[in-house]
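A.B. asks: missing the sequence, but the structure's below:
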């Protein structure tokens, strides 16, 4: 599937489109390629893979990407894109991990429940919760069964959930913009304090889960009445 001509009218939930992203210039491993093939074969819906060559095709004409985007690591660019795509287009999003499930029932269930904004899989346990500091982190881990995970979900565009998610993500990037400009990512998996391949300690100003899980999980708990749970999780093994 290719990017559409009129992004303003694109509704991924209505059209049953699933997004995934490979934002780095590094090639996929054989395992990752097999995971992508499983998505394309098993999911039973149109799949849109965003790559460095196609990311710009999905920039909404009235809502450009945040100016911090070029300074993010490849991982954090993918984190940002799943928020942006869900807010402006809706539909499905999956990490490139092995899957064996058809997604049409998940789309149908969310369409049939207009009071809900997101459908995901129940978080796997306290260990799956983003490492948010206490006391919020303790509350999240104690209530993990009310949370959904970040690796696969279906969302409704311009919903209360995605509006809050996009706003909080942009507020964080606004606060970090100057630091990101001064110390942009040097590695696809860059994060604060990590040792880079040349031995230096990274001064990149974002922690591993800061842009995604640290925002997403507290929001899911706060808006849990707007979130559906279902068996949409991919496999969490043998994908690297």
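C.D. replies: Great, that's in hand. For clarity, every value in this text was computed on a predicted model and none was experimentally measured.
A.B. asks: C-alpha only now, for contacts and for neighbours.
C.D. replies: Noted.
A.B. asks: longest single strand anywhere in this protein?
C.D. replies: strand 148-155 (DSSP state E).
A.B. asks: who does that one touch, helix- and strand-wise?
C.D. replies: Secondary-structure packing of strand 148-155 (3 or more Cα pairs under 8 Å, 6 or more residues apart in numbering; DSSP states H and E): strand 91-94, helix 104-111, strand 118-122, helix 213-222.
A.B. asks: any buried residues in the next helix-or-strand element following it, and which?
C.D. replies: Using DSSP states H and E, the helix or strand that follows strand 148-155 in sequence is helix 160-182. By 16 or more other Cα atoms under 10 Å, the buried positions in helix 160-182 come out as 161-166, 168-170, 173, 177, 179-181.
A.B. asks: and if you look at stretch 82-102?
C.D. replies: Within stretch 82-102, the residues that count as buried by 16+ other Cα under 10 Å are 82-99, 101.
A.B. asks: check stretch 63-71 too.
C.D. replies: 65, 68, 69, 71.
A.B. asks: ok, the first one - contacts?
C.D. replies: This points to residue 65. For residue 65, the contact set (Cα atoms under 8 Å, 6 or more residues apart in numbering) comprises 59, 84.
A.B. asks: where are the low-confidence patches of the protein?
C.D. replies: Low-confidence segments of the chain, defined by pLDDT under 70: 1-5, 238-239.
A.B. asks: any idea which element the most centrally placed residue in it lies in?
C.D. replies: The chain has residue 82 as the residue nearest its centroid, 3.4 Å off, counting by Cα atoms, centre = their mean. Assigned by DSSP H and E, residue 82 belongs to helix 74-88.
A.B. asks: burial count for the residue nearest to residue 232 when sequence neighbours are not counted?
C.D. replies: Once flanking residues are discounted, residue 232 sits nearest to residue 121: 5.4 Å by Cα to Cα, 6 or more residues apart in numbering. By other Cα atoms under 10 Å, 20 other residues sit near residue 121.
A.B. asks: what's the answer for the one 10 residues further on, then?
C.D. replies: By the criterion of other Cα under 10 Å, residue 131 has 19 neighbours.
A.B. asks: same thing with the one 10 residues further on?
C.D. replies: Residue 141 has 21 neighbours, counted by other Cα under 10 Å.
A.B. asks: now do the one 10 residues further on
C.D. replies: Using other Cα under 10 Å, the number of residues around residue 151 comes to 20.
A.B. asks: got it, and residue 53?
C.D. replies: 9.
A.B. asks: what separation do you get for it and residue 109?
C.D. replies: Residue 53 is 33 Å from residue 109, where distance means Cα to Cα, to the nearest Å.
A.B. asks: now do residue 213
C.D. replies: 25 Å.
A.B. asks: higher neighbour count, those two?
C.D. replies: The neighbour count for residue 213 versus residue 109, taken as other Cα under 10 Å, is higher for residue 213 (19 against 15).
A.B. asks: surely that one is in contact with residue 128?
C.D. replies: No. In this structure residue 213 lies outside contact range of residue 128 using Cα atoms under 8 Å: 9.7 Å.
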